[in-house]
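>>> Curious how this folds, go ahead:
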Amino acid sequence: MSSHTLTRRLALAAAAAFTLASTTAMADGHKMLDEIHFLIPGGAGGGWDGTARGTGEALTKSGLVGSASYENMSGGGGGKAIGYLIENAESNHGTLMVNSTPIVIRSLTRVFPQNFRDLTLIAGTIGDYAAFVVGKDSDINSFTDLIAAYKANPRDVAIGGGSVPGGMDHLVAAMAMKAAGEDPTKVKYIPYDAGGKAMAALLSGEIKALSTGFSEAVALADAGEVKIIGVTSAERVAANADAMTLKEQGVDVEFVNWRGFFAAPGLPEDKAQAYRDVLAKMYDTAEWEEVRARNGWVNIHNSGADFSTFLENQEKQIGDLMKELGFL
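Have a look, this model is predicted:
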């Protein structure tokens, strides 16, 4: 082989290697979408708002998306935003709406006439498990203790929550009691419209335990105000590894309040897939990890068809329980 041929081959190999490296770098730090408009079905500062803005922050700071804009549209338990997205579908092909478990609960109870099947499913992105907490000085130290107290005197064991009767906190409490072999319709549930009031009720003994989101429970436990006596995850969660799951206490319940994104009906499949791809890529970025950790979220990624299956399963689980409790 002549030195000229060898040099040429080395040059070609080097060029190929450089092209490959450049392509990989482009794919890693490359803008995948110019812009995303986020539609938020509730007010500023709520869980939906935080999820949309946190996702937008990670996507833009990582360079995956050029720019993000946000629109808060409260009303009808989230129904106003869903109706708007459906009625103005064609002009909203650049919009992603955030939602979570309530889209399943509220369509079952006919708070609004639509359900998730009327939208284009993009992806479930995060989750917040549910948890049960008791006051730091309570003589109850586990969910097993709570069940024992309930067996002794059901009317003396009130469980509080931040949502209306038949809402998520109530359903989780009923689900756990049912799995523990108790009658879920006899659970004494007391709703509070704010976390502070629920905490006061817990500390005064008005309620024995509080059903809440795991990230909220972790914040209260870190502040030294409560003990977490059970989490609805399959395995212990790193954010508070001391908190026992219900499963390891013999109560076979798993539940996650997912949050994710939907697009307008009739969105072309290539556009829908582009949204799914950019959200999938987001998990690999340091910017997303910073947002996730700051909010105590758990990465639960269900994309496209997997998201549809997940929602159908949750709808059945919640629907069956709501029928049993007399809410449907």
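>>> list the contacts for F310?
Neighbour list for F310: 124, 258, 302 [criterion: C-beta atoms under 8 Å, 6 or more residues apart in numbering]. In short, each C-beta sits where N, CA and C put it, glycine included.
>>> mind listing the strands in the stretch 101-250 of the chain by residue range?
120-135, 158-161, 188-191, 209-213, 226-231 (DSSP state E, counting those that start in this stretch).
>>> Export those to JSON lines and append columns for mean neighbour count and mean pLDDT.
Putting these into JSON lines (neighbours: other C-beta atoms under 10 Å; pLDDT from 0 to 100) gives the following:
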{"stretch": "strand 120-135", "mean neighbour count": "25", "mean pLDDT": "96"}
{"stretch": "strand 158-161", "mean neighbour count": "22", "mean pLDDT": "96"}
{"stretch": "strand 188-191", "mean neighbour count": "17", "mean pLDDT": "94"}
{"stretch": "strand 209-213", "mean neighbour count": "27", "mean pLDDT": "94"}
{"stretch": "strand 226-231", "mean neighbour count": "25", "mean pLDDT": "97"}
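>>> for these, which one sits closest to D277?
D277 lies closest to strand 120-135 among the strands of the stretch 101-250 of the chain, at 9.8 Å (C-beta to C-beta).
>>> Now do K151: how many residues are near it, please.
By other C-beta atoms under 10 Å, the residues close to K151 number 12.
>>> Which residue is the nearest non-sequential neighbour of it?
In space, and not counting its chain neighbours, K151 is closest to E182: 7.5 Å by C-beta to C-beta, 6 or more residues apart in numbering.
>>> Which positions within stretch 257-270 qualify as buried?
257-264, 267 (16 or more other C-beta atoms under 10 Å).
>>> ok, now stretch 313-327?
314-315, 318-319, 321-322, 325, 327.
>>> just stretch 235-243 next, same as before
Going by 16+ other C-beta under 10 Å, stretch 235-243 has these buried residues: 237, 239-240, 243.
>>> which of those lies closest to V291?
Nearest to V291 among these, with distances taken as C-beta to C-beta, is A239, at 14.4 Å.
>>> list the contacts for the closest one?
214-215, 218, 296.
>>> Rebuild these as CSV, extending it with pLDDT.
Shown next, in CSV, are the contacts of A239 (pLDDT from 0 to 100):
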residue, pLDDT
F214, 90
S215, 85
V218, 88
G296, 78
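>>> could those go into JSON lines alongside neighbour count and distance to K178?
As requested, the contacts of A239 are exported to JSON lines (neighbours: other C-beta atoms under 10 Å; distance: C-beta to C-beta, whole Å):
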{"residue": "F214", "neighbour count": "26", "distance to K178": "20"}
{"residue": "S215", "neighbour count": "21", "distance to K178": "25"}
{"residue": "V218", "neighbour count": "21", "distance to K178": "25"}
{"residue": "G296", "neighbour count": "20", "distance to K178": "27"}
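>>> about what we covered before: what's the lowest-pLDDT member of the buried residues of stretch 257-270?
By pLDDT, N257 ranks lowest within these, coming in at 92.
>>> hang on, that one packs against M168?
Yes. Under the criterion of C-beta atoms under 8 Å, N257 makes contact with M168 at 6.3 Å.
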